[in-house]
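1. one predicted model, sequence on top.
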Amino acid sequence: MSKAFLSVEGLTQKFPSPETGELTVFENINFKVEKGEFITIIGHSGCGKSTILNVLAGLDEATSGAVIMEGKEVSGPSLDRGVVFQNYSLLPWLSTLSNVTFAVESRHPDWSKEQVKDHAMKYLELVGLSGGVEQRKPSQLSGGMRQRVSIARAFATQPKLLLLDEPFGALDALTRGTIQDELLKIWAGTNQTVFMITHDVDEAIYLSDRILLMSNGPYATVAESVEIEIPRPRSRASIVEDPLYYEIRNHLVHFLTSRSKEIDGKAQSAIDKAHPNVVRLSEKKSERAAAQTDIEKKNLKAS
Ligand SMILES: Nc1ncnc2c1ncn2[C@@H]1O[C@H](COP(=O)(O)OP(=O)(O)OP(=O)(O)O)[C@@H](O)[C@H]1O
Ligand SMILES: [Mg+2]
């Protein structure tokens, strides 16, 4: 049995397809997540990120493979795993506040109504939804506001594993920055583990301990695990001064623009897939610097 907090083992997802009879979205996905890690996954639209997240949540079942959390196979949803869905998924008949208290009550059935409400309001205030907005129904909110309710709901239940599917996609840049920082504070102050999907490479670098890179489907796979060795606490202003930031950014952009298409998940051997490449760009950087010094030495000798 795996010792990691979360272990994804040989996950494969096939769906019936009207065109080809069967679509293998991804095949033999393997990765581990340690307790307290902040992991993001990036890859092109349709490669299967949301499908993986739903399997981690226990809301979907993969065609084969397993997800093990704290030594137990995930089968069905649990309050230990809180999800912010790509499409927000709020209960339309409940107010904003009730959408959050509903979740808090399930998590803490022994709490008083007052306690539940105060706790829910704390998280709604955190995402900037108070002063009467909390009484509105989801249909009376903007897309960005709905997304914030969904974030408040997931954070308020304080799950062991937070699963976030593009949680900041519908937010303006300012709100996005504020909520990213709140997320980092919550994460740093608890021992929560975060698994997040994003399309934004800067957001991924700023937030993550590790970024998983997924190749394009069909037969998509987790090709690499890129370690973000930039020390914490990070700030938006200082992170861009770190030369490693650009090394990582270029690596991610290069993956998304060319390598993600070139990696053929079907052709790749099972052994490769079982152990996605670990990439530490600080090492690559020193290798490059050493190679450069060698060239300079040779040039010096030749001259
Ligand atoms: N229930 C389903 N039945 C059939 N095909 C599905 C089903 N769910 C997802 N798919 C297909 O699986 C593939 C992956 O979908 P998924 O939503 O996981 O992608 P994604 O990586 O999250 O994309 P995006 O970045 O656009 O959100 C897509 O081709 C999609 O059409
Ligand atoms: Mg998705």
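-> Received it, and whenever you're ready, just let me know what you need. Numbering: from 1, shown residues only. Ligands and ions are numbered 1, 2, ... in the order given.

2. do stretch 193-200 and ligand 1 meet at all?
-> No. If you take Cβ under 6 Å from any ligand atom as the test, stretch 193-200 misses ligand 1, and the best it gets is 6.6 Å. Where you see a C-beta, it was placed from the backbone N, CA and C, and this is true even at glycine.

3. check which residues of stretch 55-75 are buried.
-> By neighbour count on 16 or more other Cβ atoms under 10 Å, the buried set for stretch 55-75 is V55, L56, A57, G58, A62, G65, V67, I68, M69, V74.

4. over to stretch 44-58?
-> Quick answer for stretch 44-58 (16+ other Cβ under 10 Å): C47, G48, K49, S50, T51, I52, L53, N54, V55, L56, A57, G58.

5. contact partners of it?
-> 6, 8, 11, 13, 25-26, 29, 41-43, 60-62, 67, 74-78, 81, 83, 86, 161, 163, 165, 195, 197, 199, 214-217, 220, 256, 260 (Cβ atoms under 8 Å, 6 or more residues apart in numbering).

6. those: which ones sit near ligand 2?
-> Q86 (Cβ under 5 Å from the ion).

7. so which of the contacts of stretch 44-58 sit within strands?
-> 6, 8, 11, 13, 25-26, 29, 41-42, 67, 81, 83, 161, 163, 165, 195, 197, 214 (DSSP state E).

8. break the chain into its domains for me.
-> Domains of the chain are assigned by automatic domain parsing as 6-80+160-302, 93-158.

9. so for the shortest one, mean pLDDT?
-> Over the span of domain 93-158, the pLDDT mean works out to 95.

10. and what of stretch 12-25?
-> On average, stretch 12-25 scores 93.

11. helices or strands up against the lengthiest helix in the chain?
-> Ranked by number of residues, the top helix in the chain under DSSP state H is helix 281-302. When contacts are defined as 3 or more Cβ pairs under 8 Å, 6 or more residues apart in numbering; DSSP states H and E, helix 281-302 sits against helix 243-254.

12. could I have the CA atoms of the helix it packs on written out in PDB?
-> This file holds the C-alpha atoms of helix 243-254, laid out as PDB (Å, rounded to 0.1, in the frame of the first residue of the first chain):
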ATOM      1  CA  PRO A 243      15.800  34.100 -12.800                       C
ATOM      2  CA  LEU A 244      14.400  30.600 -12.100                       C
ATOM      3  CA  TYR A 245      10.900  32.000 -12.700                       C
ATOM      4  CA  TYR A 246      11.700  32.600 -16.400                       C
ATOM      5  CA  GLU A 247      13.400  29.200 -16.700                       C
ATOM      6  CA  ILE A 248      10.200  27.600 -15.400                       C
ATOM      7  CA  ARG A 249       7.900  29.800 -17.400                       C
ATOM      8  CA  ASN A 250       9.700  29.100 -20.700                       C
ATOM      9  CA  HIS A 251       9.700  25.400 -20.000                       C
ATOM     10  CA  LEU A 252       5.900  25.400 -19.400                       C
ATOM     11  CA  VAL A 253       5.100  27.600 -22.400                       C
ATOM     12  CA  HIS A 254       7.300  25.400 -24.600                       C
END
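
13. just say helix, strand or coil for the residue of the stretch 1-150 of the chain found nearest ligand 2.
-> With Cβ to the ion as the measure, S50 is the residue of the stretch 1-150 of the chain nearest to ligand 2, at 3.1 Å. State at S50, reduced to three classes by DSSP: H, G, I helix; E, B strand; the rest coil: helix.

14. of all pairs in the buried residues of stretch 55-75, which one is the farthest apart?
-> Within the buried residues of stretch 55-75, A57 and G65 form the most distant pair, 15.2 Å apart (Cβ to Cβ).

15. and L174, that's in a helix?
-> Yes. Per three-state DSSP, L174 lies within a helix segment.

16. tell me who's in contact with the residue of the stretch 201-303 of the chain found nearest ligand 2.
-> In the stretch 201-303 of the chain, the residue that lies nearest ligand 2 is M214 (11.1 Å; Cβ to the ion). Shown in contact with M214 (Cβ under 8 Å, 6+ apart): 26, 41-44, 47-49, 220-223, 260.

17. and if you look at S282?
-> E229, L244, E247.

18. show the buried residues in those.
-> Looking at the contacts of S282 with 16+ other Cβ under 10 Å, the buried ones turn out to be L244, E247.
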